[in-house]
Structures are given as C-alpha cells and as structure tokens.
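In: Turn this into a structure:
(one chain, ligands or ions: 2)
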Amino acid sequence: MAQDIEKIEKVMCAAPVIPVLVVEDPKKAVPMAEALVRGGLPAIEITLRTPHALEAINAVNEHVEGAIVGAGTVLDDRQYDAAVSAGARFIVSPGATEALLDAADQHSVPLLPGAATASEVMFLLERGYQRLKFFPAEQAGGASYLKSLSSPLAAAKFCPTGGVSLDKAPDYLKLPNVLCVGGSWIADAKAIAEEDWSGIEERARAAAGIKG
Ligand SMILES: O=C[C@H](O)COP(=O)(O)O
Ligand SMILES: CC(=O)C(=O)O
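Out: Ligands and ions are numbered 1, 2, ... in the order given. Here you go, the predicted model:
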C-alpha cells in the first residue's frame, strides 16, 4: 500500500520544524507540548526511547489542543501498534524494514520512514513512500549531500533530522526536496527536566519563523 502523502504532508507542512523529544517524566509532557504549540510548532515527535513515552503521547493527544503528536523511534510492528493505540497521529522511524512497512500497511496512521542513501530512498520509493526522514542528516553529509539527491530522486521529499540546529535549518529548508526539518534543540532533555517552558516556547517561536 502506498504512503498517504496528503496525510503525512499535513504533519510535515504544519511548521518548518518538528521537535524531536525524549520525555523521561510523562507529567512534563503536557506543559512541554503546550509551550511548543504556543510557540508555533504543533507537530511534535515523542520518541519511544523512554519507559513512559507512550503515556506521554497519550497525555498530549488527550490534553493539548492544537498538538499533532507523533511517535518517533518506532522500530517494529509491536511499537507501531502500541503508538497508534496510545494516540499517535503519525509514526517516525530512523530507517525502514520490510516488516515495519508491512505494519504501516495495517494502519491509517501514516509512517515517515528514514533513509540516508540513494539505495535506501529507492527501496522506499519502490514501496510507495515519497515523504521520508533524512537521518542522520548532518552526519550523513548534510544539506549539500541531500541536494545532490534532489535531481535523480526528484519524487522524494524529506525531513532532515540529526545534528540540525537553528543556524543550519535554513540551508536545508531552501532545498527543493525538503519540506521541514526535525531536531531536539528546541526542547532537549535538560530543558524538559528543568521545566524551562518559557525557553522552549521562545526556541519554538524562533524555529517557527525560520525561512528557507
Ligand atoms: O536521534 C536524534 C534525533 O533524531 C534528533 O537529533 P538531534 O538531537 O541531533 O537534533
Ligand atoms: C531518529 C529518528 O528518526 C527517530 O528516533 O525516530
């Protein structure tokens, strides 16, 4: 089954940046997401890298008006099912496997799979996926590398993530094959632990204003 491009583009085009979040304490998820939404970043990715990530997704989905909460670091079918049950509105993976794409076929909640090479992109295009995460963006070659994929693999459009910052984001966003970027700089683990909601809101506002 092909990717639902319209559905995933609603997430990718909601703002220039998707914050990637590692939430240790689910009680902090709601005020964190409220700060992000107030700052102008409605689409947020809570990674399944902590024991309470599903609880955090559920809380944001239930309580934060205007948020489009997704699950990141979804690696297999069990995690896909669990994230959807928790209320995730989109699913992100650092890569892609046949099994994960088969799991996505069972759900209407869309998948944004990761790719870092021409062959990985071609594999995903073959499976009907044209909206992809470019991960890890800076480490794999950065904006110039991604630009060089834009002509031969023109159907693929990306959300570069990994090492992206406020300063580096415009270089990606001006590329013809980039719809948004992802990153943890807006709300990193320290800011969440310290409940720095005003700082998160301020960085979200700066990110929401980035032009390509
Ligand atoms: O694992 C990395 C996340 O996808 C975000 O990367 P970052 O911390 O480099 O922004
Ligand atoms: C890095 C990434 O894409 C993820 O954790 O979902």
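In: Which residues of the protein lie near ligand 2?
Out: By Cβ under 6 Å from any ligand atom, the residues of the chain that approach ligand 2 are 47, 72-73, 92-94, 114, 133, 135, 161. In short, each C-beta sits where N, CA and C put it, glycine included.
In: Let me have those residues in JSON lines, extended by distance to P16.
Out: Compiled in JSON lines, the residues of the chain next to ligand 2 are given as follows (distance: Cβ to Cβ, whole Å):
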{"residue": "T47", "distance to P16": "20"}
{"residue": "G72", "distance to P16": "18"}
{"residue": "T73", "distance to P16": "22"}
{"residue": "V92", "distance to P16": "17"}
{"residue": "S93", "distance to P16": "21"}
{"residue": "P94", "distance to P16": "21"}
{"residue": "G114", "distance to P16": "19"}
{"residue": "K133", "distance to P16": "15"}
{"residue": "F135", "distance to P16": "17"}
{"residue": "T161", "distance to P16": "13"}
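In: any chance of the residues you listed in TSV, plus neighbour count, secondary structure and pLDDT?
Out: Output for the residues of the chain next to ligand 2, formatted as TSV (neighbours: other Cβ atoms under 10 Å; DSSP: H, G, I helix; E, B strand; the rest coil; pLDDT from 0 to 100):
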residue	neighbour count	secondary structure	pLDDT
T47	20	strand	98
G72	28	strand	98
T73	19	coil	98
V92	29	strand	98
S93	25	coil	98
P94	18	coil	98
G114	21	strand	98
K133	29	strand	98
F135	23	coil	98
T161	27	strand	98
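In: ok, which stretches of this structure are helices?
Out: Counting by DSSP state H, the chain has these helices, from start to end: 5-12, 29-39, 53-63, 77-86, 98-105, 118-126, 137-140, 142-150, 169-173, 189-193, 197-208.
In: Take the second one, keep the C-alpha atoms, and write them as PDB.
Out: To tie it back to what came earlier, the one meant is helix 29-39. Taking C-alpha atoms only, helix 29-39 is exported to PDB below (Å, rounded to 0.1, in the frame of the first residue of the first chain):
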ATOM      1  CA  ALA A  29       4.700  16.100  28.500                       C
ATOM      2  CA  VAL A  30       1.600  18.300  28.600                       C
ATOM      3  CA  PRO A  31       3.200  21.600  29.700                       C
ATOM      4  CA  MET A  32       6.100  20.900  27.300                       C
ATOM      5  CA  ALA A  33       3.700  20.300  24.300                       C
ATOM      6  CA  GLU A  34       1.700  23.400  25.300                       C
ATOM      7  CA  ALA A  35       4.800  25.500  25.200                       C
ATOM      8  CA  LEU A  36       5.700  24.100  21.700                       C
ATOM      9  CA  VAL A  37       2.200  24.700  20.400                       C
ATOM     10  CA  ARG A  38       2.200  28.300  21.900                       C
ATOM     11  CA  GLY A  39       5.500  28.900  20.100                       C
END
